[in-house]
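Q: Okay, sequence plus prediction incoming.
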Amino acid sequence: MLKNLTLHKVTNYEAMSQKAAEIFAEAVNANPTGSFGFATGSTPIGMYKALTQMQKNSQTNLSKITAFNLDEYYPIKANDPQSYAYFMAEHLFTETGITKSHIPNGEAKDPQAECEAYEQKISSTGGIDMQILGIGTNGHIGFNEPAQNLLATTSYVPLAEATIESNSRLFASPDDVPRHALTMGIHSIMMAKRILLLASGASKAEIIRQTIYGPITTQVPASLLQLHQDVTIIVDSDAAKNL
Ligand code: F6R
């Protein structure tokens with residue numbers, strides 16, 4: 001394994017969430033007004049719960065950070081319970097008092113202009129100190145799907161069929177899943193000073209192996225993280241079973 005990657009293998013989802021929250025809180029405590037990048041999905045929910053608890057116990061204070069989210073469906077209304085804006089408010093931002101939060105606007109009239117403005121906002125804060133990532137079973141990070149070419153900066157992208165299928169579990173029917181998203185690009189993610197990637201469950205085992213040990217290929221977008229200077233990966237025993 002490359003020296004710029006740190007791997008923590010832990011027993012289960014709770015241990016992964018706790019470890020991730022501790023690493024993240026330490027980074028926030030070192031820079032309480034820094035910029036931090038968030039992901040949505042099932043994986044980080046436990047981590048966000050642990051961070052909320054840590055703030056209640058005065059072990060950290062997230063209220064002064066600037067938050068950037070990786071992605072948002074397009075089109076979607078911010079107050080739609082399936083939106084990532086809604087997810088972040090529910091799972092982290094409201095209880096921890098994070099008000100300087102940025103999420104690509106799923107209601108923007110011009111998605112392209114929204115992407116450019118979002119990228120500008122990230123760089124105007126001096127860049128992201130630590131970016132949290134989940135990983136798709138196809139190796140996507142954010143909504144950067146496997147492809148021959150990847151996009152560098154925040155972009156308006158179609159979702160892969162596999163992603164629509166996998167995310168349809170959260171919608172009333174697969175037809176309700178938006179077909180597009182606004183996502184930070186590979187460059188936007190790679191510019192974060194530190195990356196914290198979480199994976200839980202057997203469905204992630206093979207893609208985690210390819211991410212860490214496989215060839216660097218745009219067909220596994222997460223494999224590009226091998227080129228980042230400071231990546232921490234936390235996996236539970238099911239996700240680690242092919243390592
Ligand atoms: C979410 C995101 C996605 C998810 C990935 C894994 O903001 O960017 O890349 O991290 O789809 O999702 P879960 O955690 O639901 O398995």
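A: Happy to help now that I have it. Residues are numbered from 1 along each chain as shown.
Q: Quick check: V235 vs L51, distance?
A: Separation of V235 from L51 (CB to CB, to the nearest Å): 19 Å. Bear in mind the C-beta positions are built from the backbone N, C-alpha and C, glycine included.
Q: in the worst-scoring helix or strand of the chain on mean pLDDT, what counts as buried?
A: Lowest by mean pLDDT, DSSP states H and E among the helices and strands of the chain is helix 161-167, with a mean of 90. Within helix 161-167, the residues scored as buried using 16 or more other CB atoms under 10 Å are 163-164, 166-167.
Q: Could you give the number of residues near the closest residue to H8 other than its chain neighbours?
A: Nearest non-adjacent residue to H8, counting by CB to CB, 6 or more residues apart in numbering: I234, 4.6 Å away. I234: 25 surrounding residues under other CB atoms under 10 Å.
Q: my guess is I234 contacts L197, does it?
A: Yes. Look at I234 against L197 with CB atoms under 8 Å: they come within range, at 7.4 Å.
Q: near the ligand at all, stretch 65-78?
A: Yes. Judged by CB under 6 Å from any ligand atom, stretch 65-78 and the ligand are in contact via 70-71.
Q: what's the burial count for P81?
A: 10.
Q: what about it, distance to P104?
A: Per CB to CB, P81 is found 18 Å from P104.
Q: about what we covered before: for the residue nearest to H8, list each beta-bridge partner.
A: Taking DSSP bridges as the rule, I234 bridges to H8, L198.
Q: Contacts only, for it.
A: With contact set as CB atoms under 8 Å, 6 or more residues apart in numbering, I234 has these partners: 8, 10, 16, 19-20, 23, 196-199.
Q: for K77, same thing?
A: Counting by CB under 8 Å, 6+ apart, K77 touches 83, 106-107.
Q: One more pass at 10 Å, please.
A: Listed by CB atoms under 10 Å, 6 or more residues apart in numbering, the contact partners of K77 are 83, 85-86, 106-107.
Q: Determine which two of those are furthest apart.
A: Pairwise distances across the contacts of K77 (CB to CB) peak at 12.4 Å, for the pair Y86 and E107.
Q: so what sits against both of those two?
A: 76-80.
Q: Could you say which of those is surrounded by the most neighbours?
A: I76 (20 neighbours).
Q: How about it, nearest residue that isn't a chain neighbour?
A: If the residues on either side of it in the chain are set aside, I76 comes closest to G106, at 3.9 Å by CB to CB, 6+ apart.
Q: Many thanks, I have nothing further to ask.
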